[in-house]
Each structure stands twice: as C-alpha cells, then as structure tokens.
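*Asks:* the following block contains a protein sequence and its predicted model.
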Amino acid sequence: MSQVFVAMGSNVDALERMQQGARAIKQRFAGVRFSRCFRNPPFGFEGPDFLNTVVGFDTALPIPSLLQGLREIEAQCGRGPIDPRWGARAMDLDLLLYGDVVGTGPDYTLPRRDLRQRVYMLGPLAELAPGWLYPPSGPTIGELWAAFPQSEHPLSALALDLNALE
C-alpha cells in the first residue's frame, strides 16, 4: 500500500462539484481524509475563484490505474476530455505524491512538478500531512509551507467539511 495525496479543485458549480467529487473518491477509495476547503483566484487565466482541497488515502493501485480512476471521477463530475488546461474546470484531480516515489511516466511526474509553487496544493497538503517528507528525503511539507510566501498568495478557508459527507 502507498499513501497518496491528490489535489482536488473546481471553479464551475464549484460547491456542488466538490461535494460530488468527494463522494466519488470516498466510494472508490478507503480511509479518505480531506484537508479543509479553500477559495483562491485562478492561476494562469481569468475566471471565477476555485475551491480546492487535498485528499489523502492509501492505495495498492499502480500509478497508471490510479490516474485512470481519477480521470473517471473527473468525467463523472463534468470534466470533458478536451477541456482546456488553463481554463475553467468542473473538476480537476492532480496526483501530488505517491508514497516516496520520485519519477516520471507518460501522464505524471512525481512529486508533482509545481507542488512547491502552488499555494492551493501546498497549503492544503501541509494541513493534511505537515510531517510528510518531500521525496526523496525532505524537507517536510510543513517546512516547505512555512517557507512559502503565503502573504503573496491568499487562500480563504471555507466552512465546507468534505470529511463529513456521506
């Protein structure tokens, strides 16, 4: 089993899509834990604010199978196969960490290449797993978050608790 962390975000019917995505993830994977949900402006394009969270769970699935499952959940939540990379999204699920794996495949780089630069990934991950070592040998996610220029990248915590959803 490997502990994995996945960023989840939406800016199209975001509240509904985040709840739908959380339920789908809980149905597919055991022991799911969500960080708080945060609101933040889009990065790289103009549009409505995103709602973002990070979800952690254990899986025995190999990375390609896990990614396929995440793409299926995105589609279930309204993301189309040709939706633009830098645009509004009904659902976006990005694999951030897969255990302590460091490497690349056809559809991934681990750890996720931009994890250390994206407030909406690093902040929620630091809340969920502050002691996790950034692969292969650190620093911890909490240390990365403490060094991040947080005042330049505002995150607003929401009262939405995805852990409480049935």
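*Replies:* Yep, it's here.
*Asks:* poorly predicted segments of the chain, please.
*Replies:* Along the chain, segments meeting pLDDT under 70 span 81-87.
*Asks:* in contact with D94, which residues are there?
*Replies:* Counting by CB atoms under 8 Å, 6 or more residues apart in numbering, D94 makes contact with 6-7, 112, 121. Every residue, glycine included, has its C-beta placed from N, CA and C.
*Asks:* kindly report the same for D161.
*Replies:* 34, 36.
*Asks:* what about the closest residue to N163 other than its chain neighbours, neighbour count?
*Replies:* Nearest non-adjacent residue to N163, counting by CB to CB, 6 or more residues apart in numbering: F34, 5.1 Å away. Number of residues near F34 (other CB atoms under 10 Å) recorded here: 24.
*Asks:* also the one 3 residues further on?
*Replies:* Other residues within reach of C37 by the criterion other CB under 10 Å amount to 24.
*Asks:* and it, how far from P136?
*Replies:* 30 Å (CB to CB, to the nearest Å).
*Asks:* V54 now?
*Replies:* 20 Å.
*Asks:* give me the more crowded residue out of these two.
*Replies:* Neighbours were counted for V54 and for P136 using other CB under 10 Å; V54 has more, 29 against 9.
*Asks:* related to what we said a few turns ago, what's near enough to touch the residue nearest to N163?
*Replies:* Counting by CB under 8 Å, 6+ apart, F34 makes contact with 22, 53-55, 128, 161-163.
*Asks:* show me which of those is closest to F29.
*Replies:* V55 (8.4 Å; CB to CB).
*Asks:* is that closest one in a helix, a strand, or coil?
*Replies:* Secondary structure assignment for V55 (DSSP: H, G, I helix; E, B strand; the rest coil): strand.
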